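1. test case, fold it:
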Amino acid sequence: MSERKELNRIKAVLEDQGRSQSWLAKKLGCTKTTVNFWCNNRNQPYLADIVRIAELLEVAPADLIVDGSKKGKGLSKTQALTEFS
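-> Below is the predicted model of the structure:
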């Protein structure tokens with residue numbers, strides 16, 4: 001079976017903030033199942049939903065999206081920290 005690719009970081013940001021999927025579903029007025037599917041990358045939210053989620057979590061919309069085009073390119077975390085610290 002092929003591995004499901006992570007396309008969004010909604011679950012990680014919720015966990016970082018100590019918030020639940022149920023909390024997000026209630027704030028968005030959608031079902032817990034919908035949010036769970038987004039968090040587990042079974043389905044992806046529309047861009048308008050990403051923007052609303054970002055507002056609720058007080059992060060930039062880009063913080064909720066995995067940039068697959070940069071995998072294997074650019075600086076590693078260690079290099080970035082060394083270069084800019």
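2. rest of the way, CA atoms for contacts and neighbours
-> OK.
3. for the longest helix along the chain, list every residue counted as buried.
-> Of all segments of type helix in the chain, defined using DSSP state H, the longest is helix 47-57. Buried positions in helix 47-57, judged by neighbour count with 16 or more other C-alpha atoms under 10 Å: 50-51, 53-54, 57.
4. over to stretch 21-30?
-> For stretch 21-30, burial by neighbour count (16+ other C-alpha under 10 Å) applies to 21, 24-25.
5. stretch 11-24 too?
-> 11, 13-14, 21, 24.
6. just the buried residues of stretch 21-30: which are in strands?
-> Among these, DSSP state E puts none in strands.
7. nearest to Pro61, of those?
-> Leu24 (15.1 Å; C-alpha to C-alpha).
8. got the contact list for the closest one?
-> When contacts are counted by C-alpha atoms under 8 Å, 6 or more residues apart in numbering, Leu24 touches 35, 53.
9. quick revisit: now the buried residues of stretch 21-30 as JSON lines including pLDDT and distance to Asn41?
-> Listed next are the buried residues of stretch 21-30 as JSON lines, based on pLDDT from 0 to 100; distance: C-alpha to C-alpha, whole Å:
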{"residue": "Gln21", "pLDDT": "98", "distance to Asn41": "13"}
{"residue": "Leu24", "pLDDT": "98", "distance to Asn41": "16"}
{"residue": "Ala25", "pLDDT": "98", "distance to Asn41": "16"}
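10. which stretches of this protein have low pLDDT?
-> Counting by pLDDT under 70, the chain shows low-confidence ranges at 1-4, 68-85.
11. the strands in it, which residues?
-> Going by DSSP E, the chain shows no strands.
12. could you tell me which of the buried residues of stretch 11-24 belong to helices?
-> Reading helices off the buried residues of stretch 11-24 with DSSP H, I get 11, 13-14, 21, 24.
13. okay if I get the residues you listed as CSV plus distance to Val35?
-> CSV is the format used below for these (distance: C-alpha to C-alpha, whole Å):
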residue, distance to Val35
Lys11, 9
Val13, 13
Leu14, 11
Gln21, 6
Leu24, 7
